[in-house]
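with the input below, show me the fold.
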Amino acid sequence: MAAQQSLIQAMGHSLTGTPFVPSLDRSPQANIESLVSAVGSGRAAARALGVAESTLRGWRRGVTPRRDPRVFVAAARGALSGDRYAAAYNGDVTIAIKGQIRVSRDVRDRTVYPGRNIPRQTMQGILRAWATGDDERAERLLYKAIDTNYQPLQFNTIAGVWFE
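Down below sits the predicted model:
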């Protein structure tokens, strides 16, 4: 994982287990390919999206979908994250963050465990925002949850995020 990534990008890598997390920054075709890879076939991907296989084949060949791009992001993220997302959503695991983190005036490499203090309902809201592709909202909610329930931190670089 790259050292220069956002907190939500790192969380996405952890939840999906993939180097390329489906997002609105990627093309609909790239997100569709992630979905196809996750579910195992074009037929299963078409079913997940509620479209005919021929429609999906057209999209994969480059036809511009008329659907909201968030539909592809949400479907691909859901298929890729599965059990990891469910465990985080249910509170079975909590978020941990490693990076160069500033606390007060002290900046150094740290591993922090804010998930231990973030209420489950708050984390569920963050995860729901992420699952639908609203990364800006998810990141804003996560920073607010950390500041409110853990302690105010400044993340200079994020080396990784995981759930334990």
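
which secondary structure elements does the top helix by length along the chain sit against?
In the chain, with assignment by DSSP state H, the single longest helix is helix 69-89. On a contact count with 3 or more C-beta pairs under 8 Å, 6 or more residues apart in numbering; DSSP states H and E, helix 69-89 meets helix 7-16, helix 28-39, helix 42-49, helix 120-131, strand 154-163. Just so you know, the C-beta spots here come from the backbone N, C-alpha and C atoms, and that holds for glycine as well.

neighbouring contacts of it?
12, 14-18, 21-24, 28, 31-32, 34-35, 38-39, 45, 48-49, 65, 93-95, 123-124, 127, 130-134, 163 (C-beta atoms under 8 Å, 6 or more residues apart in numbering).

from those residues, which would you call buried?
Burial by neighbour count, 16 or more other C-beta atoms under 10 Å: within these this picks out 12, 14-16, 21-24, 28, 31-32, 34-35, 38-39, 45, 48-49, 65, 93-95, 123, 127, 130-134, 163.

span of stretch 146-161 from start to end?
14 Å (C-alpha to C-alpha, to the nearest Å).

need the contact partners of it.
Residues outside stretch 146-161 that contact it (C-beta under 8 Å, 6+ apart) are 1, 3-7, 9-11, 13-14, 95-103, 107, 109, 112, 114, 117-119, 122.

repeat for stretch 56-65
Under C-beta under 8 Å, 6+ apart, the answer for stretch 56-65 is P28, Q29, I32, E33, V36, G42, A45, A46, L49, F72.

thinking again about what came up before, can I get the helices and strands packed on helix 69-89 in TSV with distance to G78?
TSV is the format used below for those (distance: least, C-beta to C-beta, whole Å):
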stretch	distance to G78
helix 7-16	10
helix 28-39	9
helix 42-49	8
helix 120-131	6
strand 154-163	17
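
stretch 26-34: how far from the chain's middle?
15 Å (C-alpha atoms, centre = their mean, to the nearest Å).

just the CA atoms of it, as PDB, please.
Provided in PDB are the C-alpha atoms of stretch 26-34 (Å, rounded to 0.1, in the frame of the first residue of the first chain):
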ATOM      1  CA  ARG A  26     -12.500   5.100 -11.600                       C
ATOM      2  CA  SER A  27     -14.400   4.600 -14.800                       C
ATOM      3  CA  PRO A  28     -17.700   2.700 -14.700                       C
ATOM      4  CA  GLN A  29     -16.100   0.000 -16.800                       C
ATOM      5  CA  ALA A  30     -13.300  -0.400 -14.200                       C
ATOM      6  CA  ASN A  31     -15.800  -0.700 -11.400                       C
ATOM      7  CA  ILE A  32     -17.900  -3.200 -13.400                       C
ATOM      8  CA  GLU A  33     -14.700  -5.300 -14.000                       C
ATOM      9  CA  SER A  34     -14.100  -5.200 -10.200                       C
END
